[in-house]
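Undergrad: here is my input, please return the structure:
(chains A and B)
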Amino acid sequence: MSGAGWALFASVFLACAVEAVEATTIVLAAGTTRDWRSALKGVAAGLLVLAVVVAGLGPALTAVPLSPLRLMVGGLLLVFGLQWLRKAVLRASGHKALHDEAAIYLKQVEAARSAQTVRRGGVSDWYAFTLSFKGTVLEGLEVAFIALTFGSNQHDVPLAALAAVAAIVVVVAVGALVRAPLARVPENTLKFVVGVMLTSFGMFWGAEGAGAHWPRSDGALLVLAPATLLFGLALVQAMRVLRLRSERAAAAPGPVPAPQGPRRPLGEEALR
Amino acid sequence: MRAKARLKAFGAFWYDFVVGDDWRVAVGVVLALAVTAAVATTSVPAWWILPAAVAVLLPLSLWRAARSG
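TA: Here you go, the predicted structure:
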């Protein structure tokens, strides 16, 4: 391979690895915290849609507008991420018990069961399926764009495609390796981290879709995710302090009760 | 009657799926995206609007949840 060939391979590999890490993070999050079967079905459905789009459009794929897709996916991920983060902070700070959450979840599942059985087909967890599907389609399209644009510019689309596939294989293999250790992390910690990741990706894609440009492009995620994590941890602390204060206020001894004497008429007591 | 109940359950599921426990958060996100899109058409940087919206929306939503018990 020539020097230009290696440069093309390395550029496409690294760019596609970044996109693959984003998609794998979302799938790992959906699978570990919700349901692996539904998450993998989401990946399969996403890959199917991608295959149809790539086969149907071919090189014309670069003309598909990415911004509306990013705006929609980013907006939804941000709303989902904030929901997860909100619940995880409430649980971590003791404002919400896990048992109550499970009961509410079961109640909602029961209420929606008729709709689910009609509309969901073979997918048991629509949430995990949708998250994985969206992540796969959006990032997969970006991988296809990168391979096509870089490859076309260097007149070597097959080499660019090979680099893209290699990046995906490496990232997915690493994802499979970290899957088992992830399963041992406490559930609420995992949900907290997932909330942080979804919120970070949601902010990133949503802003890009709305036409904003992040400083350092994809590198902004390396600041955005840790900043969101620190913000979430600070909120847990603040909510703990709030809970302790209200508990202390509730436990504080009230005024000493007056010695029991003959009962006064109700009207007289109310006036005192 | 049964179709109505199913439709209601279907709507409730999608509302819960997309909007969640606090509708104000979803509305806030939509508004922040609209503001980002508007500011992005000017020469002013617009990337900071969504992080700023998160920094306001999440504590407010948590505070409301804590107050309601």
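Undergrad: C-alpha from now on. contacts and neighbour counts both.
TA: OK.
Undergrad: can you pull out the helices in chain B?
TA: Taking DSSP state H to define them, one finds helices in chain B at B:2-18, B:23-40, B:49-68.
Undergrad: ignore the last one, the stretch 151-272 of chain A
TA: A:157-183, A:187-209, A:221-251, A:266-271 (DSSP state H, counting those that start in this stretch).
Undergrad: contacting residues around A:T33?
TA: A:187, A:190-191 (CA atoms under 8 Å, 6 or more residues apart in numbering or on different chains).
Undergrad: again, 7 Å this time
TA: Neighbour list for A:T33: A:K191 [criterion: CA atoms under 7 Å, 6 or more residues apart in numbering or on different chains].
Undergrad: where's it relative to A:S152, distance?
TA: In this view, A:T33 and A:S152 are 40 Å apart by CA to CA, to the nearest Å.
Undergrad: just to revisit the earlier point, in a markdown table: the helices of the stretch 151-272 of chain A, plus mean pLDDT.
TA: Output for the helices of the stretch 151-272 of chain A, formatted as a markdown table (pLDDT from 0 to 100):
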| stretch | mean pLDDT |
| --- | --- |
| helix A:157-183 | 85 |
| helix A:187-209 | 86 |
| helix A:221-251 | 92 |
| helix A:266-271 | 34 |
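Undergrad: tell me which of those helices is the most buried.
TA: Mean neighbours per residue, mean count of other CA atoms under 10 Å in any protein chain shown, is largest over the helices of the stretch 151-272 of chain A for helix A:187-209, with a mean of 25.
Undergrad: counting contacts, what elements does that one pack onto?
TA: Other helices and strands packing on helix A:187-209, by 3 or more CA pairs under 7 Å, 6 or more residues apart in numbering or on different chains; DSSP states H and E, are helix A:66-92, helix A:221-251, helix B:23-40, helix B:49-68.
Undergrad: just the CA atoms of it, as PDB, please.
TA: Extracted in PDB, the C-alpha atoms of helix A:187-209 (Å, rounded to 0.1, in the frame of the first residue of the first chain):
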ATOM      1  CA  GLU A 187     -28.100  -0.600  38.300                       C
ATOM      2  CA  ASN A 188     -28.700   3.000  39.400                       C
ATOM      3  CA  THR A 189     -25.000   3.900  38.700                       C
ATOM      4  CA  LEU A 190     -25.300   2.400  35.300                       C
ATOM      5  CA  LYS A 191     -28.500   4.300  34.600                       C
ATOM      6  CA  PHE A 192     -26.900   7.500  35.900                       C
ATOM      7  CA  VAL A 193     -24.000   7.100  33.400                       C
ATOM      8  CA  VAL A 194     -26.400   6.200  30.600                       C
ATOM      9  CA  GLY A 195     -28.400   9.400  31.400                       C
ATOM     10  CA  VAL A 196     -25.100  11.400  31.200                       C
ATOM     11  CA  MET A 197     -24.200   9.800  27.900                       C
ATOM     12  CA  LEU A 198     -27.600  10.200  26.300                       C
ATOM     13  CA  THR A 199     -27.800  13.900  27.500                       C
ATOM     14  CA  SER A 200     -24.300  14.500  26.100                       C
ATOM     15  CA  PHE A 201     -25.000  13.000  22.700                       C
ATOM     16  CA  GLY A 202     -28.400  14.600  22.600                       C
ATOM     17  CA  MET A 203     -26.900  18.100  23.200                       C
ATOM     18  CA  PHE A 204     -24.100  17.400  20.700                       C
ATOM     19  CA  TRP A 205     -26.300  16.100  17.800                       C
ATOM     20  CA  GLY A 206     -29.300  18.400  18.600                       C
ATOM     21  CA  ALA A 207     -27.100  21.500  18.400                       C
ATOM     22  CA  GLU A 208     -25.400  20.300  15.200                       C
ATOM     23  CA  GLY A 209     -28.700  19.500  13.700                       C
END
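Undergrad: which residues touch that helix?
TA: With contact meaning CA under 7 Å, 6+ apart, helix A:187-209 is reached by A:29, A:33, A:67-68, A:70-71, A:74-75, A:77-78, A:81-82, A:84-85, A:88, A:224-225, A:228-229, B:33, B:36, B:47, B:50-51.
Undergrad: just want the most central residue of chain A.
TA: A:L198 (2.7 Å; CA atoms, centre = their mean).
Undergrad: next one: chain B
TA: B:A26 (0.9 Å).
Undergrad: check whether that one really touches A:V79, as I assumed.
TA: Yes. Using CA atoms under 7 Å, B:A26 is in contact with A:V79, at 5.7 Å.
Undergrad: phi and psi next, for the closest residue to chain B within the stretch 151-272 of chain A.
TA: The nearest approach of the stretch 151-272 of chain A to chain B comes at A:A210, 4.5 Å away (CA to the nearest CA). Per-residue torsions, A:A210: phi -80, psi 0 (degrees, to the nearest 10).
Undergrad: the closest residue in space to it that isn't next to it in sequence: neighbouring residues, count only.
TA: Leaving aside its chain neighbours, A:A210 sits nearest to B:A37 (4.5 Å; criterion: CA to CA, 6 or more residues apart in numbering or on different chains). Around B:A37 there are 22 other residues, counting by other CA atoms under 10 Å in any protein chain shown.
Undergrad: equivalent analysis for A:W6, please.
TA: For A:W6, the neighbour count with other CA under 10 Å is 13.
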